[in-house]
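*Asks:* my questions concern the predicted model and sequence given below.
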Amino acid sequence: MFEACNLSSSQLMRHDFLHDVKTVLARSGALPGSLKLEFSESLVMENPEYAAQMLARIHDLGAGLCLSDFGTGYSALSYLQRFPFDTIKVDATFVRQIGTGQTAILRSIVRMASELNLAIVAEGCESEADAQALAGLGCEYALGPAFGEPMTMLQARQIVGAAPEAA
């Protein structure tokens, strides 16, 4: 199990961002890779050289890295080799195509991720049929209304039986 956090370019560009990541990892006692920091393709391309350096350092701290909105932005496949991502999050646009039977791109993304040893998360899973189709394609993780409404961290911890943090 892992927790994911979307980040903005202003957060990545902050001079103390690495310190913040290190502090969160130390305080939480998170296992390596169990905290995934999500960055969009467009964010990474704002300053690719800086992003490459920062992502490598974040990865070295033990945080997982997820390239979100995959397939909707620049979609340069070189990102997947140039940056130390361990997960890609496929945009809901491709998941919605399941109902039309047009799954060639989604199937290709899942296969590519598997061959690159990347975990894959599909956004926008709206039904049990979507979930089954995604599993059939080899998609490891999915999120969306099929699994319930969004919830707070406290609510999620109660579901999995973890003790809530002291306030």
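*Replies:* Good, I have the coordinates.
*Asks:* regarding this protein, what is its longest helix?
*Replies:* Ranked by residue count and defined by DSSP state H, the top helix of the chain is helix 48-61.
*Asks:* go ahead and name everything in contact with that helix.
*Replies:* Judged by C-beta atoms under 8 Å, 6 or more residues apart in numbering, the contacts made with helix 48-61 from elsewhere in the structure are 12-13, 17-18, 21-22, 25, 37, 39, 43-45, 65, 82-86. Bear in mind the C-beta positions are built from the backbone N, C-alpha and C, glycine included.
*Asks:* do you know how far the spatially most central residue of the chain is from residue 77?
*Replies:* Per C-alpha atoms, centre = their mean, the C-alpha nearest to the average position across the chain is that of residue 66, at 3.8 Å. Separation of residue 66 from residue 77 (C-beta to C-beta, to the nearest Å): 16 Å.
*Asks:* try residue 109
*Replies:* For residue 109, the distance to residue 77 under the criterion C-beta to C-beta works out to 10 Å.
*Asks:* equivalent analysis for residue 94, please.
*Replies:* Relative to residue 77, residue 94 is positioned 15 Å away (C-beta to C-beta).
*Asks:* residue 129: how many residues sit nearby?
*Replies:* The tally of other residues near residue 129 (other C-beta atoms under 10 Å) stands at 12.
*Asks:* check contacts around it.
*Replies:* residue 98.
*Asks:* name the element it belongs to?
*Replies:* Assigned by DSSP states H and E, residue 129 belongs to helix 128-137.
*Asks:* remind me which residues of the chain are low pLDDT?
*Replies:* Under the criterion pLDDT under 70, the flagged ranges of the chain are 73-76, 162-167.
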